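**Student:** pasted the sequence and its predicted model underneath.
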Amino acid sequence: EIMKQIPKEGAAFRDMDRTWRRIMAKTKEDPLMLNVADIDMLLEDLTAANQSLDVVEKGLNDFLDTKKMSFPRFYFLSNDELLEILSEAKDPLKIQPFVRKIFEAVKDLKFEDGNMMTAMFSVEGEQVTFNAGVDPHRSNAVEIWLGEVEAA
């Protein structure tokens with residue numbers, strides 16, 4: 001899902017990953033360091049992979065920053081947590097473990113009729129019912145439906 005939104009970085013990551021896997025396969029075949037050091041174009045391939053990694057990292061950080069700007073509560077999360085949320089956006093139930101970090105004093109969201117969110121539970125166990133249910137599949141963008149939860 002994330003790769004679709006940042007295709008340039010996704011392509012760079014795939015190229016870098018392919019290079020790394022090729023080098024590791026050759027290393028596994030012959031693990032003696034002197035032989036590994038003789039792999040054709042090893043230094044050039046690793047240097048190019050490192051440059052690709054820089055492109056991927058910058059693009060990914062820019063992407064995460066745009067998500068944080070569109071839903072400022074994402075600033076409460078680490079980049080790893082935000083990546084996990086964005087990668088699981090199609091299954092809102094998998095977002096539950098992060099609700100506490102996104103919304104203060106909220107423990108869980110109540111799901112009914114599939115994925116319709118109808119209420120939230122406080123850390124004390126109190127239930128607050130939403131005026132209108134939030135359907136995450138209406139937008140499929142996690143920052144949008146979490147914004148609807150915040151407004152509900």
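**Tutor:** Perfect, I can see it now.

**Student:** got a list of contacts for the one helix or strand Met24 maps to?
**Tutor:** Met24 belongs to helix 7-29 when assigned by DSSP states H and E. Contacts with helix 7-29, where a contact means C-beta atoms under 8 Å, 6 or more residues apart in numbering, come from 2-4, 36, 39, 42, 45-46, 48-49, 52-53, 55-56, 59-60, 63. For every residue, glycine as well, the C-beta is placed using N, CA and C.

**Student:** give me that answer again for 6 Å
**Tutor:** Identification of contacts with helix 7-29 by C-beta atoms under 6 Å, 6 or more residues apart in numbering yields 3, 36, 39, 45, 49, 52-53, 55-56, 59.

**Student:** what packs against whichever helix in the chain runs longest?
**Tutor:** Scanning the chain for the helix with the most residues, using DSSP state H, yields helix 42-70. Secondary-structure packing of helix 42-70 (3 or more C-beta pairs under 6 Å, 6 or more residues apart in numbering; DSSP states H and E): helix 7-29.

**Student:** buried sites along the helix it packs on?
**Tutor:** For helix 7-29, burial by neighbour count (16 or more other C-beta atoms under 10 Å) applies to 9-10, 12-13, 16, 19, 23, 26.

**Student:** can you put those in CSV and add pLDDT?
**Tutor:** As requested, those are exported to CSV (pLDDT from 0 to 100):
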residue, pLDDT
Glu9, 93
Gly10, 92
Ala12, 93
Phe13, 93
Met16, 94
Thr19, 95
Ile23, 95
Lys26, 94
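
**Student:** ok, so of the contacts of helix 7-29, who is nearest Leu86?
**Tutor:** Among those, Met3 lies closest to Leu86 (C-beta to C-beta), at 11.0 Å.

**Student:** confirm that the closest one sits in a helix.
**Tutor:** Yes: counting by DSSP: H, G, I helix; E, B strand; the rest coil, Met3 is part of a helix.

**Student:** looking at this structure, which helix or strand is least sure?
**Tutor:** helix 2-5 (a mean of 86; mean pLDDT, DSSP states H and E).

**Student:** could I get that helix in PDB with only the CA atoms?
**Tutor:** Only the C-alpha atoms of helix 2-5 are listed here, as PDB (Å, rounded to 0.1, in the frame of the first residue of the first chain):
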ATOM      1  CA  ILE A   2       2.700   2.400   0.900                       C
ATOM      2  CA  MET A   3       4.800   1.500  -2.100                       C
ATOM      3  CA  LYS A   4       1.900   2.600  -4.300                       C
ATOM      4  CA  GLN A   5       2.000   6.100  -2.800                       C
END
